[in-house]
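> got a predicted structure here, sequence first:
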Amino acid sequence: MIPINTTQRTDTRLLDALSSESSSTRLQAALAAGTHPDAGFVDTLVARCAIEPDFFVRDMLTWALTRLPSKTTVPALLAELGSEVAQARSQALHTLSKIGDAGTWPAITRSLLHDADDEVARSAWRAAVVLVPDGERKSLATDLAAQLGRGDRTMRLSLSRALVALGDEIEPALREGLASADPEVRVHARATERLLRDPDADFDPAVDEAKRIAALGPERTREHDADR
């Protein structure tokens, strides 16, 4: 029989707990992994992120990973960005945004920012605005604004928040959105512009206001904008 060392036994117990049918047990296991960080847990934690169904457990897994040395966690997370599993990509992006290593910016590719899976795209937007270097902010604003009008309310709110986080850099990109032939893009761009001017404004009233302005027609809209 091959002897098993203490680290192997600990890792086996952690793996068993993270695979438990009880979400409470899985949550406690993730908490323990973060409370007593061990670089040997990285692969186990990252692998669980890809399949964990419970939001709170996933959040605790992310916290546990942020407690480990970034030189160990970052390579494992970057590898997940190429996974065929959408949740693996999404959680890796989310965790990278929490770690905040500026050197991971090149990994936030255009394909991730435009990922067909909404959760992956949202995670990529959030990670991008955290990691983007100053010289790339305008380019990122253009890339994000190209998706104005995408998805449901949740998606649009996430995109607006990401754009607003870039500050005044988004104004040229918003102007293009306001001139779009697509009314959904115009409304979303105007609501985002409203949030840029007043970050404390609620999103839904901003959308309602944007719809009312859009309903005025092109000529009245230009008059409205000229009076501002």
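Thanks, I have it.

> now for the one helix or strand L65 maps to, which elements pack on it?
Here L65 is covered by helix 55-66, with elements defined by DSSP states H and E. Helix 55-66 sits against helix 23-35, helix 42-49, helix 70-80, helix 86-99, with contacts defined as 3 or more C-beta pairs under 8 Å, 6 or more residues apart in numbering; DSSP states H and E. All C-beta atoms are positioned from the backbone trio N, CA, C, and that covers glycine.

> before we move on, which element is P37 in?
Secondary structure (DSSP H and E) places P37 outside all helices and strands.

> ok, and the closest non-adjacent residue to the residue nearest the centre of the chain?
Most central in the chain under C-alpha atoms, centre = their mean is S123, positioned 1.9 Å from the mean C-alpha point. Leaving aside its chain neighbours, S123 sits nearest to L93 (3.8 Å; criterion: C-beta to C-beta, 6 or more residues apart in numbering).

> can you give the domain ranges for the chain?
The record assigns the chain these domain ranges, following automatic domain parsing: 1-131, 136-228.

> least reliable of those domains going by mean pLDDT?
Per-stretch mean pLDDT for the domains of the chain is lowest at domain 136-228 (a mean of 85).

> so how far is stretch 149-166 from its chain's centroid?
11 Å (C-alpha atoms, centre = their mean, to the nearest Å).

> name the residues of it that are buried.
149-150, 155-166 (16 or more other C-beta atoms under 10 Å).

> distance to V130 and secondary structure added to those residues, as TSV?
Compiled in TSV, the buried residues of stretch 149-166 are given as follows (distance: C-beta to C-beta, whole Å; DSSP: H, G, I helix; E, B strand; the rest coil):
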residue	distance to V130	secondary structure
G149	24	coil
R150	20	coil
M155	19	helix
R156	20	helix
L157	18	helix
S158	14	helix
L159	15	helix
S160	16	helix
R161	12	helix
A162	10	helix
L163	14	helix
V164	14	helix
A165	8	helix
L166	11	coil
